[in-house]
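> Output the structure for:
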Amino acid sequence: MTRVAAFAAVVVATSGLGAAPSPSLVEVSRSRYLMGTVCEATLLVEEPDRHRAAAAIEAAMDEIARLESILSDWRADSELSRLNRAPAGEPFACSSDLFDFLRAGAALSRETSGAFDLTVGPLVRLYDLRGSGRWPTAEELEGAMQTVGSGRLSLDPEHRRATPGRPGMTLDPGGLGKGYALDAAAGVLRARGFPVALLDFGGQALALDPPPGEPGWSVALSHPRRRDEAALSLVLARASLATSGNVEHGLVVDGRPLGHLLDPLSGRPAPFRGSASIVAPTGARADAYSTALFVMGPERGLAWAAGRQGLIPIFLEEDSKGALIVRSGAGLDQLRAGAVRREPRPAGGF
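Numbering: from 1, shown residues only. The predicted model follows:
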């Protein structure tokens, strides 16, 4: 998956329980390097199920690896890369996995009024965000914007085809791929009978059912400027927490900061300098919405999320004196936990 279209979530999952688990339950954890970062799964199971649980985690991670082979834009042989090379105006026959991903991306773009958009690939190239960075001319930006916009990718559900509408149109899966894969991995764990689990994918957390007798899994949201420092402690159950920000991948070009999160509507880097997080019912929605919130900024983002069921936005930023400012929608207090009982781990990149 791309490492530049969306900032890796700076959520740091503690993979620990708020209280000691039942003596009959044990934690089973496994990790694997996938999509450019580390994915870790922790299951709470009965002792006799330890080996089955380990096998279930491996199957879940195999599913992420399978999706990576389809959705990566770093691998030239992936199906998405082949779609990105397809001529404009010619229908591209998609697998069910790719088409479902594209359809999800289009729906999320509509929901966010274009603040999230898979078609930002030309802008990523224009700003050289995978290299040393550059500032394009106004003419270059105007030209690239002719290829950006989810409405320019035609989707045909009946025949499962995608048709790029403009030459040079390319899709960047980075703002959705990790969350989408998390949902698929969770589906594997549930299908194998292990619903009490926490997944931490490079910092984006997806909590399945809570441990018995507990309200949820303890996770820590890191400081927007110091990723090793926990800023908030939360309890998460049957939901995902994702974050977007510019600390990890920001560049400085010609003396000006060049953030890697781009506004698909203006073509310019989003100006917000803090972090935007969201709790959402699924990994895919959390991944895309956190990107959209960062692009929107606190005022517009909080207004957009207000009244949308199951969403809790969290904006963190420093004031002029370095003090942390927390701005959130309704529901954050219900997620606040006690002090984190373990040192948080740095989140990985995406």
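
> Would you pull up how far stretch 287-305 lies from the middle of the chain?
13 Å (C-alpha atoms, centre = their mean, to the nearest Å).

> could you list every residue that touches L102?
Listed by C-beta atoms under 8 Å, 6 or more residues apart in numbering, the contact set of L102 reads 94, 118, 153, 155, 162, 171. For every residue, glycine as well, the C-beta is placed using N, CA and C.

> Roughly how far does it sit from G259?
26 Å (C-beta to C-beta, to the nearest Å).

> Tell me the one of the contacts of L102 nearest L332?
Comparing those against L332 with C-beta to C-beta picks out L118 as the nearest, at 29.1 Å.

> Can you read off the pLDDT for that closest one?
Listed pLDDT for L118 reads 97.

> Can you list phi and psi of it for me?
phi -70, psi -20 (degrees, to the nearest 10).

> and it, how many residues sit next to it?
27 (other C-beta atoms under 10 Å).

> could you check the distance from it over to V252?
L118 is 27 Å from V252, by C-beta to C-beta.

> What distance do you get for the residue lying closest to P91 once chain neighbours are set aside to M296?
Computed as C-beta to C-beta, 6 or more residues apart in numbering, the closest residue to P91 that is not its neighbour in sequence is R161, at 4.0 Å. Plainly put, R161 is 32 Å away from M296 if you go by C-beta to C-beta.

> tell me which element the residue nearest to R75 when sequence neighbours are not counted is part of?
Computed as C-beta to C-beta, 6+ apart, the closest residue to R75 that is not its neighbour in sequence is S81, at 6.2 Å. In this assignment (DSSP states H and E), S81 forms part of helix 79-84.

> Okay, buried residues for that helix please.
If you call a residue buried by 16 or more other C-beta atoms under 10 Å, then helix 79-84 has these buried ones: 79-81, 83-84.

> Other residues contacting that helix?
70-73, 75, 92, 94-95, 97-98, 121, 162, 164, 169-171, 173.

> Just to be careful, could you list which of these are in strands?
In strands, judged by DSSP state E, the following of the contacts of helix 79-84 are found: 92, 162, 164.

> Run a quick neighbour tally on the second one.
Looking back up the chat, that one is A162. Neighbours around A162, by other C-beta under 10 Å: 21.

> Could you measure from the residue lying closest to it once chain neighbours are set aside over to G329?
Distance criterion C-beta to C-beta, 6+ apart; nearest residue to A162, sequence neighbours excluded, is F92 at 5.0 Å. From F92 across to G329, the span is 39 Å (C-beta to C-beta).

> From H159, how far out is S290?
S290 is 33 Å from H159, by C-beta to C-beta.

> Neighbour count: these two, which is higher?
S290 (35 against 10).

> Verify the contact between the more buried one and S244 for me.
Yes. Under the criterion of C-beta atoms under 8 Å, S290 makes contact with S244 at 4.3 Å.

> Look up phi and psi at R308.
Given degrees, to the nearest 10, the pair of backbone angles that R308 has is phi -90, psi 120.

> for this protein, what's the longest helix?
helix 50-71 (DSSP state H).

> Fine by me, thanks again.
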